[in-house]
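S.K.: have a look; sequence and predicted model below, questions after that.
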Amino acid sequence: MSKKSFRQAINEALRQEMRRDPTVVLMGEDVAGGQGGSSGVKDAWGGVLGVTKGLLTEFGESRVLDTPISEASYIGAAAGAAATGLRPVAELMFVDFVGCCLDQIMNQAAKFRYMFGGKARTPLVIRAMYGAGFNAAAQHSQALYPLFTHIPGLKVVVPSSPYEAKGLLIEAIRDDDPVIFLENKVMYDDIEEVPDEAYTIPFGEANLTREGDDVTIVAIGRMVGMANEAADRLAKQGISCTVLDPRTTFPLDEQTILECVEDTGRLVIVDESSPRCNMACDISALVAEQAFGALKAPIRRVVPPHTPVPFSTPLENLYMPNADKIEAAVKAVMMQKTREVA
Amino acid sequence: MSKKSFRQAINEALRQEMRRDPTVVLMGEDVAGGQGGSSGVKDAWGGVLGVTKGLLTEFGESRVLDTPISEASYIGAAAGAAATGLRPVAELMFVDFVGCCLDQIMNQAAKFRYMFGGKARTPLVIRAMYGAGFNAAAQHSQALYPLFTHIPGLKVVVPSSPYEAKGLLIEAIRDDDPVIFLENKVMYDDIEEVPDEAYTIPFGEANLTREGDDVTIVAIGRMVGMANEAADRLAKQGISCTVLDPRTTFPLDEQTILECVEDTGRLVIVDESSPRCNMACDISALVAEQAFGALKAPIRRVVPPHTPVPFSTPLENLYMPNADKIEAAVKAVMMQKTREVA
Amino acid sequence: MQISRETLLRSYRAMRTIRAFEERLHREFATGEIPGFVHLYCGEEASAVGVCANLTEQDTIASTHRGHGHCIAKGVDVGGMMAEIYGRKTGVCRGKGGSMHIADLSKGMLGANGIVGGGPPLICGAALSHKVLKDNGVAVAFYGDGASNEGTTLESLNLATVWHLPAVFVVEDNGYGEATGASYACAGTQKDRAAGFGMPYMECDGSDFFAVHDAARDAIDHARSGKGPVMLHVHLQRWYGHFEGDAMSYRAPNEVADAKKDHDCLESFRERAGQEKLLDLSALDEIDAAVADEIESAVQAAKQAPWPEEADLMADVYVKI
Amino acid sequence: MQISRETLLRSYRAMRTIRAFEERLHREFATGEIPGFVHLYCGEEASAVGVCANLTEQDTIASTHRGHGHCIAKGVDVGGMMAEIYGRKTGVCRGKGGSMHIADLSKGMLGANGIVGGGPPLICGAALSHKVLKDNGVAVAFYGDGASNEGTTLESLNLATVWHLPAVFVVEDNGYGEATGASYACAGTQKDRAAGFGMPYMECDGSDFFAVHDAARDAIDHARSGKGPVMLHVHLQRWYGHFEGDAMSYRAPNEVADAKKDHDCLESFRERAGQEKLLDLSALDEIDAAVADEIESAVQAAKQAPWPEEADLMADVYVKI
Ligand SMILES: Cc1ncc(C[n+]2csc(CCOP(=O)(O)OP(=O)(O)O)c2C)c(N)n1
Ligand SMILES: Cc1ncc(C[n+]2csc(CCOP(=O)(O)OP(=O)(O)O)c2C)c(N)n1
Ligand SMILES: [Mg+2]
Ligand SMILES: [Mg+2]
């Protein structure tokens, strides 16, 4: 056990799985970096933010494959390789680039098994950065997990900390279905205790980071930290919150969400993706259908506005959910007590 | 006024707008059909299901452009043309093919105006077929409007009848923002009275196809007809339903939805898109947040299961929402009366 | 190099099976009993069969919306295919895929594909598997002239060269993508495109089994021996509409008739086999008869097979949830 | 053909402006005051300017993530660009776009683009507008060697030929896409790719303004006169990292130094202007001084400009809701 950054946790997960299983291969733009460069250094980058650094040096060019800038071909290749015996981990760099390769994910990898009557296995992991807060503007800041969650056949992982990232990524690599693994680009330098050995965190089991009586807060990815911060502050004001990290948006741990809402009677959902048809809607609809009787107040969503992500810092700050907005939403549902439950 | 099919209504809308405005151009795979063919007939198809038939003959090759099979290039071209003075109507054939050109829609057309600080106009219409019920299997049967609705910058239209299709398409062509216009492939031969002259139906105004006291049914596109059928049957059983067709999922007529729920206290949403992060979730979340106090029962969704669309007829029938399932859902919410509203 | 008698017989049988399968489908479709989109491969049989004659079961192919021929050539069970097209539980995809999604990974058949240009990236991946797993396999993408304009296809040509993959790209050029002529939609030439991605190019007459076989042998040998990917351009004619129901008004009236008369791969095979005394024509007649029986039983079996049931709807979305 | 004195002066000024703009950004970025991703065009100035010298304001260009040079060459306001990069309300995109999204449609500048390969399809559309509206305009896509492998780019080459568009595809080949060499990532040659899509090909040394200007003139004339699209391959060197912060360990230590010494478009311009007595060098010195002042004021103005406000957040998502 030692302190590791989110970046290191992911690097370690990849390294350990590649050591364990020779069919695990990596591919992506500059996942090594330096092929064809004049210095001859072939492990120059290790990904655009250094997450895969050193893996080419350890595993060689046959297992760490730099690609041309052509997402459709290499994400499709990853799907094809997964269906024929490898366990590829393909890096899409920014999840926003899914616009260049959605077909390979949505119509190919995700559908093989069902369309082929159960005869295919596609153990594919696609890693990509998501999220605002980096001044990366409209084309490099989207969250987009709602898109993937909408598509049957995909599993979708959004880790909320270094510990979570390592365990969930190892699980993803060992999983036999196509998995979208989303890394918040603002979190790469977050640090916490992370076991040195390989471990897995199962999909579809929400993590209760805090238990309380008044309000359940469900938060996704980076939002979990903000929800805990808000809950800390609220505790001092006498409002006690449950904070729930679903970890995976598919499979979704519906049961734990429903149980928590049964206990608290109030729900706030924090989601940094665009507000229409997003995970906040999804979880809200689940609860409004299946735990309606327990609800003491309207379900509130803390989400960005329906706009592209703006570049400028003050606008991006206004755009993003944060602890203040979560705190305000929780207080609002505490005030809006519209009924006693029968 | 005369009886027209959904197909004819769309053809007429295109023809009338092309006559009115010389900057309206059409493009897509086989929107004319026959370029380079050995018979020399250049208006051979008029789209794969004949919707654009005859337009090349009237407007010529400079305004009705057949394309190579390369969606990214011509949908991107449509976006570029829209930003520089034309009003293109691009046909994507099956909406499932958005996997090949999502970037052009999501990161280009939808974001130009905002990213460029309000300095762009992108009057682009993308027409595409959607929906199951045609035995077209997993890659040719998706609904996918939740994807588009999720993306800020797009307007999304899902007409429910020939009359609606004509008015909404003319509105879409005259609109200055990028519009996704989705045509249910099973409805092309549906027939109703459609005015001969051009008319528009404004976006963001839901259509109340039926008013009732007990339950509000919100249904999208082809589901509207099924909802009305179910409402007919329910009326005979003494259950009176409001049926609401939002027409556009963005902009969404939130006010009318909320008002109807305030009146009836019960809500069933019918959506043929995949169930996670879809429009049923979106509308449910809206109501659970903003009309919570009026709700007498859980919000029910009538949606397909989280699977790709199966090919075989019995499976596809099981997959699809239909009047029976809607009827059952409405009865269920009538039974589940869990509280009196304060 | 001489083609073995066994290969010749097997190949003739495969071509005849495709022809009989397709012509029967054409008739059955007209009765309204077959649902969905059906794209017939008739007239193009020698391409699938000439290429696959050079492949082993462990080699991989990816196909297109017009996939029946490739499936049969790669050894997918004909009865299972027919049942699939009829939407039955006994279909190779248990009725969930239909004509456009027939696949059998145990036969190295990575699927027909409803997405034009869907196959070439997958084949880069399959070729990578062969390369990393060092199983001596080759991966072959079949795709049409229309698909040759998809970005996925073009990117894959580049990726295959960059990764030096054991892959063969077979452009099945029947001159049309739906109703649009390749002369309109394809700028430049396939040959120059291959050069544009540093890839060797070969071409052949796709109505001549022997020509396809020999060109494919060279292409596949090249890829298998570690020399990198190859493009094989096969010139073809399609005998039916783009899909069943297409009136083909974009084609000159005599185009198909001429193709049937002058470019029938089965006829030219029989002719050459006879002339060069490669095979006894009576053996071929026997095959014809056997195939006719096989297709007849496949259709009967399909029509009598059970439909999928409610429990099937939710099955096999995931390996494990 | 002789280039007019006015064009030469304007072009020198544009190149100097780009250089000064970029070098200043490089320094300012290091202070931490500039947010987001910044990709410098330094060293490539002659490409943008040599091409745009042949365009009018109504012609259209589309740019890349490395867009400052194209913007300046096409006449976008430098002060507005600087303010944009600083995220201010006075920026050309009101602070919403930043470095990667600078656009000004009134100047025929269809946007920098954060998506590699985003521009070429857009340019097909802009070229179509010029063609349908019969305004005699030409549309130019700038894109990198890395972007030349994107399906969008390749499809666009085909579409432009099929539609016979007044479009020019300028491949700015600086030998790298991020940290990966073009010698690794680009199979074949750009020349053969042009041929693969039936498109004429030209190439030039991108550090020589005169070479770029003349090649671009021919390419643009060709497109403008209705002869269809052209590819222009410009050989370049980038002087800084892929983005600010890149240590460039993939490049040989002397590569950039040599480029600066031997391939400086401003130096070679001055040399030739002097040798051939095209311009008075003192006029160029004056430009240098004026540009230095302009950049200084742009930076000062940007730093003092107001930030966008809350009301801006929701503005301009749609023309009308
Ligand atoms: C991405 C995508 N675009 C369009 C289609 C519709 N479509 C199906 S087949 C076809 C024509 C394909 O032509 P070609 O590749 O030449 O194959 P052929 O039909 O001639 O065998 C088209 C456009 C599709 N299925 N997928
Ligand atoms: C679709 C997409 N893929 C990847 C990236 C990340 N990326 C940004 S710039 C770049 C390299 C582009 O190389 P090139 O086209 O040669 O342009 P250069 O940077 O050399 O000017 C990459 C991979 C992106 N922005 N968009
Ligand atoms: Mg074809
Ligand atoms: Mg480059």
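M.R.: All right, it came through fine. Numbering: from 1, shown residues only, chains lettered A, B, ... in the order given. Ligands and ions are numbered 1, 2, ... in the order given.
S.K.: what sits closest to whichever residue of chain A sits closest to ligand 4 if chain neighbours are left out?
M.R.: As assessed by C-beta to the ion, ligand 4 sits closest to residue A:69 within chain A, at 9.3 Å. Any C-beta I mention is one placed from the backbone N, CA and C, and that applies to glycine too. Here the nearest residue to residue A:69 in space, its sequence neighbours aside, is residue D:146; by C-beta to C-beta, 6 or more residues apart in numbering or on different chains that works out to 4.5 Å.
S.K.: burial of the one you found, as a residue count?
M.R.: By other C-beta atoms under 10 Å in any protein chain shown, the residues close to residue D:146 number 28.
S.K.: distance of it relative to residue D:156?
M.R.: According to C-beta to C-beta, to the nearest Å, residue D:146 stands 15 Å off from residue D:156.
S.K.: if we can go back for a sec, now do the residue nearest to residue A:69 against ligand 3, distance only.
M.R.: Separation of residue D:146 from ligand 3 (C-beta to the ion, to the nearest Å): 31 Å.
S.K.: so what's the residue count around residue C:307?
M.R.: The number of residues packed near residue C:307 is 15, by other C-beta under 10 Å.
S.K.: if we can go back for a sec, identify the residues contacting the residue nearest to residue A:69.
M.R.: By C-beta atoms under 8 Å, 6 or more residues apart in numbering or on different chains, residue D:146 lies in contact with A:68-69, D:116, D:176-178, D:180, D:182, D:185.
S.K.: picking up where we left off before, report pLDDT for the residue of chain A closest to ligand 4.
M.R.: Note for residue A:69: predicted pLDDT of 98.
S.K.: ok, it touching residue D:116?
M.R.: Yes - counting by C-beta atoms under 8 Å, residue D:116 is a contact partner of residue A:69 at 5.1 Å.
S.K.: where do the helices sit along the stretch 101-250 of chain C?
M.R.: For the stretch 101-250 of chain C, applying DSSP state H, counting those that start in this stretch gives helices covering C:119-133, C:151-162, C:182-185, C:190-196, C:209-224.
S.K.: show me the contact partners of the longest one.
M.R.: Read that as helix C:209-224. By C-beta under 8 Å, 6+ apart, helix C:209-224 touches C:1, C:3, C:11-12, C:15, C:46-47, C:49-51, C:53-55, C:59, C:127, C:136-138, C:140, C:165-168, C:170, C:200, C:202-206, C:228-230, C:232, C:234, C:265, C:268-269, C:272.
S.K.: drop anything exposed from those.
M.R.: Using 16 or more other C-beta atoms under 10 Å in any protein chain shown as the burial test, the contacts of helix C:209-224 include C:3, C:11-12, C:15, C:46-47, C:49-51, C:53-55, C:59, C:127, C:137-138, C:140, C:165-168, C:170, C:200, C:202-206, C:228-230, C:232, C:234, C:265, C:268-269 as buried.
S.K.: ok so, going back, what's the overlap in contacts for residue A:69 and residue D:116?
M.R.: Contacts common to residue A:69 and residue D:116, judged by C-beta under 8 Å, 6+ apart, are D:146-147, D:150, D:177.
S.K.: could you work out the most separated pair of those residues?
M.R.: Using C-beta to C-beta, the two most remote members of those are D:150 and D:177, lying 9.9 Å apart.
S.K.: looking at residue A:69 and residue D:116, which has the bigger crowd around it?
M.R.: residue A:69 (28 against 25).
S.K.: quick one: secondary structure of that one?
M.R.: When classified by DSSP: H, G, I helix; E, B strand; the rest coil, residue A:69 comes out as coil.
S.K.: not counting sequence-adjacent ones, nearest residue to the residue of the stretch 51-200 of chain C found nearest chain D?
M.R.: With C-beta to the nearest C-beta, the shortest gap between the stretch 51-200 of chain C and chain D falls at residue C:151, namely 2.0 Å. Leaving aside its sequence neighbours, residue C:151 sits nearest to residue D:151 (C-beta to C-beta, 6+ apart; 2.0 Å).
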